[in-house]
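Please find the sequence and the predicted model below.
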Amino acid sequence: MKKMTLALAVLVSLGLTGCANTDVYSGDVYTGAQSKEARSISYGTIVSARPVKIQANNQGVIGTVGGGVLGGITGSTIGGGSGRAVASAVGAIAGAVAGSKIEEKVSQVDALELVIKKDDGKEIVVVQKADASLKAGARVRIVGGSTLNVSAI
């Protein structure tokens, strides 16, 4: 029975952690609020593109709780009597910490910090999901005001 519970807990935690939608950080995706909205267009040239990470906003309790449950179940299989209770508690704490860190890493998106010199001479910085076409020297179209979408032209 314990093996079945452990397997189910692992599957549920992995399934829920993998639900993060990272496409929202792409220059090709618009939010619902951005649809049917007049947006300005400007053009420029990428001066530099530095690899960075975007930490998704879906940091929740799934990794922490899932890891704690898995750690507690695993710890409960060690020892007997009061030693089993201690092992369960230590396993739950260690699992919660590990689960939180795993969720944090899974929720990161490869991105680029783009320094763009606009045709009007002003420089701006935009961070969005990595795209191979966005590199130094590339001409780009910049759509939007405070929330921007950058795409190669």
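Now that the structure is in, tell me what you want to look at. Numbering: from 1, shown residues only.

Okay, now the unreliable bits of the protein?
Residue ranges of the chain with pLDDT under 70: 1-24, 28, 33-34, 36, 57-64, 68, 79, 100-107.

So which elements touch the lengthiest strand in it?
Longest strand in the chain, counting residues (DSSP state E): strand 41-55. If you count contacts as 3 or more C-beta pairs under 8 Å, 6 or more residues apart in numbering; DSSP states H and E, strand 41-55 packs onto strand 108-118, strand 123-129, strand 139-144. C-beta coordinates here come from the backbone N, C-alpha and C atoms, glycine included.

Let me have those strands in CSV, adding distance to residue 43 and mean neighbour count as columns.
As requested, the helices and strands packed on strand 41-55 are exported to CSV (distance: least, C-beta to C-beta, whole Å; neighbours: other C-beta atoms under 10 Å):
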stretch, distance to residue 43, mean neighbour count
strand 108-118, 7, 18
strand 123-129, 12, 16
strand 139-144, 6, 17
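
how about these in a markdown table, adding distance to residue 44?
A markdown table is the format used below for these (distance: least, C-beta to C-beta, whole Å):
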| stretch | distance to residue 44 |
| --- | --- |
| strand 108-118 | 4 |
| strand 123-129 | 8 |
| strand 139-144 | 6 |
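
list the buried ones in the longest strand of the chain?
Buried residues in strand 41-55, counting neighbours by 16 or more other C-beta atoms under 10 Å, are found at 42, 44, 46, 49, 54.

Between these, which sits nearest residue 26?
Using C-beta to C-beta, residue 54 comes nearest to residue 26 of the buried residues of strand 41-55, at 10.5 Å.

need the contact list for the closest one.
Residue 54 is in contact with 22, 25, 108, 109, 111, 127, 129, counting by C-beta atoms under 8 Å, 6 or more residues apart in numbering.

could you redo the last one with a cut-off of 7 Å?
Contact analysis of residue 54 by C-beta atoms under 7 Å, 6 or more residues apart in numbering lists 25, 108, 109, 111, 127.

Which pair of those spans the longest distance?
So, the contacts of residue 54 by C-beta to C-beta: farthest apart are 108 and 127, at 12.8 Å.
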